[in-house]
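Q: Kindly generate the corresponding structure for this input.
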Amino acid sequence: MKNALITGANKGVGFETARQLLENGYYVFIGSRNMDNGKSAVQILNEEGFENVEAIQLDVTDLKSVQEAKKKIENKTQVLDVLINNAGINGGFPQAALEASVESFQNVMETNFYGVIRVTQTFIDLLKKSEQPRIVNVSSSGCSLTLNCDPNWIYYHHKAAVYPASKAAMNMYTINLAYELRDTNFKVNAVCPGFVATDFNGHRGTGTVQEGGQRIAKFAMIGEDGPTGKFISEEYNPETGETAW
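A: Next up, the predicted model:
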């Protein structure tokens with residue numbers, strides 16, 4: 001049985017991704033900053049008939065918390081097959097480039113960018129023990145530099161300075177991570193779940209969490225012939241998913 005860790009998985013797209021992996025026979029660790037919320041998520045999944053799931057207290061902004069989470073997972077297994085860096089915050093709105101405070105940028109980067117680095121570097125040794133390790137960094141087509149410069153893009157006038165900057169930085173980290181692991185069995189990709197209706201966007205999204213979860217789970221389970229080092233948005237590009245950085 002393969003093991004997966006999903007950060008910020010107690011609700012929304014992360015929770016649905018956990019359900020998708022459980023349906024495909026994975027053992028899933030639900031990373032949750034608040035342990036009570038994590039346990040509640042596990043209880044829901046248990047009631048749906050899923051047993052191979054447990055909550056792990058994990059605050060991606062706290063290195064000690066990340067390290068403690070690793071110790072708890074190591075008590076269960078020495079191998080991690082999938083890491084999904086899903087935890088994120090939007091930073092609140094509006095996010096005008098001339099008005100958003102430096103503190104706002106710092107707070108969002110702490111979770112969305114530095115958090116990904118903390119978790120990835122902490123768990124990389126467990127991932128290296130997997131025969132087919134997979135890392136999915138949950139991104140957004142809204143952080144594409146190319147799309148944001150295209151007046152014909154549907155969301156061209158929906159600019160935000162803070163959140164997209166954090167995800168663009170994460171995308172660059174993804175590129176470098178995939179490059180460093182290019183001669184291994186790792187597959188590392190940045191995947192956009194799409195504009196799905198969750199608490200994250202005040203349920204303004206036009207897609208469902210089921211669609212978002214399926215998109216992320218798909219790249220967590222890709223085979224040896226799957227892509228690596230790519231930016232994927234199947235909502236933007238239904239044919240191949242590959243999206244311009």
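Q: Report the distance from stretch 79-94 to the chain centre.
A: The chain centroid and the centroid of stretch 79-94 are separated by 4 Å under Cα atoms, centre = their mean, to the nearest Å.
Q: Same question for stretch 87-101.
A: Stretch 87-101 sits 19 Å away from the centroid of its parent chain (Cα atoms, centre = their mean).
Q: Let's check: the centremost residue of this structure is which one?
A: Asn86 (2.6 Å; Cα atoms, centre = their mean).
Q: May I have the phi/psi pair for it?
A: Torsion angles at Asn86 (phi, psi; degrees, to the nearest 10) stand at phi -110, psi -30.
Q: neighbouring contacts of the helix or strand of the chain with the lowest mean pLDDT?
A: Least confident element among the helices and strands of the chain, by mean pLDDT, DSSP states H and E: helix 209-220 (a mean of 94). For helix 209-220, the external contacting residues (Cβ atoms under 8 Å, 6 or more residues apart in numbering) are 4, 12-13, 15-21, 24, 82, 84, 86, 134, 136, 138, 187, 189, 191-194, 196-198, 226, 232, 234-235. The C-beta positions use only the backbone N, C-alpha and C, and glycine is treated the same way.
Q: And Gly212, how far from Lys218?
A: Relative to Lys218, Gly212 is positioned 11 Å away (Cβ to Cβ, to the nearest Å).
Q: between the two, who's got more neighbours?
A: Neighbour count, other Cβ atoms under 10 Å: between Gly212 and Lys218, Gly212 has more, with 28 against 17.
Q: how about the nearest residue to that one, chain neighbours excluded?
A: Pro193 (3.1 Å; Cβ to Cβ, 6 or more residues apart in numbering).
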